[in-house]
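Trainee: Just a sequence and a predicted model for now, questions to come.
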Amino acid sequence: MWTFIHKMGSPPWFFRFSGTVVKWLLPLTLVLLAVGAAWGLLVAPPDFRQGNSYRIIYIHVPAAVVALAGYYVMAFAGAVSLIWRIKMADVTMRAAAPVGAVLTAVALVTGAIWGKPTWGTWWVWDARITSMLILLFLYLGVVALFEAYENKTAAARACAVLSLVGTVNIPIIYKSVDWWYSLHQPASIKFTGESAIDSSMLYPLLLMIAAFYCLFAVTVLLNMRAELVWSHRESGWLQQLVRKA
Amino acid sequence: MATAAGAKGLMYFDSLTALWHMDGHGFYVWLAYALTFLPVAVMVWLPVRRQREHWRWIAAEQRRADSVQPGVTDK
């Protein structure tokens, strides 16, 4: 286990390892997304109260769930880069930020589209939606902050601090639907006890959540690999790889 | 895509037209899916393209170095 973690810090080893992972994970992700979307759109029955508009759940909830989980990944990588000054942790943090931003934006946009036929409005300033908007700004903030610094070591440190401070927002998003009861419904899937959703609707949803987790992982890996190829263009191991190809 | 009749056993909707309209919710559902998968496709494609460009640039640099001092940087 420790040797594995140690190896992950080595760019040549990581580049080779992530190449193998991406080769399998990318097709798997695409298949899971296609099957999950087809299941949710074509096969699952409509909701008895919301009709067919509820089918947006199969992209809205997975995007939101992974956007939140992805923030922990980014903040954890930021903490590792801040404490141990591991370069790969910094690369991970910066690779996760744009992916998290896209998923948060997707959750907000699909939520707005779902809100129109269901609540009668595209947008309300309720606690869940507002805290998700803050999450989007935090992700975009990490991306923008890194670009704002000339000195990239200082930039990485500033981004890590911002992402760590931002973690305070995550439990607020999770609990917002319970603390401030408003238009947004509370969670239907529970880790303990019965879920308030029928299995014919639950299975495709779980499949889509798994698909979005894979999507997050594979996109972060792709971002990291692109970054490594550029930042190590002078390194012997990469020069050799390019020469062989 | 299978024909409407062939897919009917598995599909909830009676026809492809019904699938498209979704009892008036079709616009919202399909718009939401389009606005999800479009950015997702771009998000996956961009780093792939970026890496390929970097890779080509490095290969071009190597060729340039080789042509200036043949045999020295080779191997």
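Mentor: Arrived safely.
Trainee: in what helix or strand does the most centrally placed residue in chain B lie?
Mentor: Centroid check for chain B by CA atoms, centre = their mean gives residue B:41 as the closest residue, at 4.1 Å. Assessed by DSSP states H and E, residue B:41 sits inside helix B:26-68.
Trainee: which secondary structure elements does that helix contact?
Mentor: helix A:11-38, helix A:57-84, helix A:87-119, helix A:199-231, helix A:236-244, helix B:16-21 (3 or more CB pairs under 8 Å, 6 or more residues apart in numbering or on different chains; DSSP states H and E). Yep, even glycine has a C-beta here, placed from its N, CA and C like the rest.
Trainee: Identify each buried residue in the fourth one, please.
Mentor: Pointing back at helix A:199-231 there. Residues of helix A:199-231 classed as buried by neighbour count (16 or more other CB atoms under 10 Å in any protein chain shown): A:201, A:203-205, A:207-230.
Trainee: Out of these, just show me the ones up against chain B, please.
Mentor: When contact is defined as CB under 8 Å from any CB of the partner chain, the buried residues of helix A:199-231 meet chain B at A:215, A:218, A:219, A:222, A:223, A:225, A:226, A:229, A:230.
Trainee: Test my guess that residue A:69 contacts residue A:215.
Mentor: No - under the criterion of CB atoms under 8 Å, residue A:69 is not in contact with residue A:215, lying 12.0 Å apart.
Trainee: any idea what sits nearest residue A:173, other than its immediate chain neighbours?
Mentor: residue A:131 (4.5 Å; CB to CB, 6 or more residues apart in numbering or on different chains).
Trainee: following the helix or strand harbouring the one you found, which helix or strand shows up next?
Mentor: Under the criterion of DSSP H and E, residue A:131 resides in helix A:127-148. Following helix A:127-148 in sequence order, the next helix or strand is helix A:152-166 (DSSP H and E).
Trainee: can you pull the buried residues of that following helix?
Mentor: A:155, A:156, A:157, A:158, A:159, A:160, A:162, A:163, A:166.
Trainee: export those to a markdown table and tack on pLDDT and distance to chain B?
Mentor: A markdown table is the format used below for those (pLDDT from 0 to 100; distance: CB to the nearest CB, whole Å):
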| residue | pLDDT | distance to chain B |
| --- | --- | --- |
| A:155 | 92 | 19 |
| A:156 | 92 | 19 |
| A:157 | 93 | 24 |
| A:158 | 94 | 23 |
| A:159 | 94 | 18 |
| A:160 | 94 | 21 |
| A:162 | 95 | 22 |
| A:163 | 94 | 19 |
| A:166 | 93 | 21 |
